[in-house]
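> how would this look folded up:
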Amino acid sequence: MWRKTLLSFFIGLVLSISIILNINHFLPVDVDSKLLAGYILGFLLWAGLITYFYCFETIKKPFLQCLCVLLVSLVLNVLIKIGVVA
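Presented below is the predicted three-dimensional model:
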């Protein structure tokens, strides 16, 4: 139980931050609105990911699925940072 809790906490945190960074890059609004949207959406996504981990008996399936999404999101973050994606 503690393994599932800790893993879902940290993977959910990193994944929600990465996805919100990607979304905020493409939002055409002011910085204040981006921050507010990032806080709200980030918390909701993080809570949803923790709940998603508890839907399964083992942690292997949600862990692998979240790692795949995290990998795609991190690649997109790197592409945005180096300027390939505008």
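> pLDDT (mean, whole number) over stretch 67-74?
Averaged across stretch 67-74, the pLDDT comes to 93.
> Tell me how far it lies from the chain's centre.
Here the centre of stretch 67-74 is set off from its chain's centre by 9 Å, with CA atoms, centre = their mean, to the nearest Å.
> Can you name the residues that contact residue 80?
Neighbouring residues of residue 80 by CB atoms under 8 Å, 6 or more residues apart in numbering: 22, 25. Where you see a C-beta, it was placed from the backbone N, CA and C, and this is true even at glycine.
> Can you name the helix or strand that it falls in?
Residue 80 is located in helix 60-82, with elements delineated by DSSP states H and E.
> what about residue 55, which SS state?
coil (DSSP: H, G, I helix; E, B strand; the rest coil).
> which helix is the longest one in the chain?
Secondary structure of the chain per DSSP state H: the longest helix is helix 2-26.
> Tell me the buried residues in stretch 72-86?
By 16 or more other CB atoms under 10 Å, the buried positions in stretch 72-86 come out as 73, 76-77.
> Just name the closest of those residues to residue 51, please.
Nearest to residue 51 among the buried residues of stretch 72-86 is residue 73, at 19.2 Å by CB to CB.
> Quick check: that closest one vs residue 79, distance?
11 Å (CB to CB, to the nearest Å).
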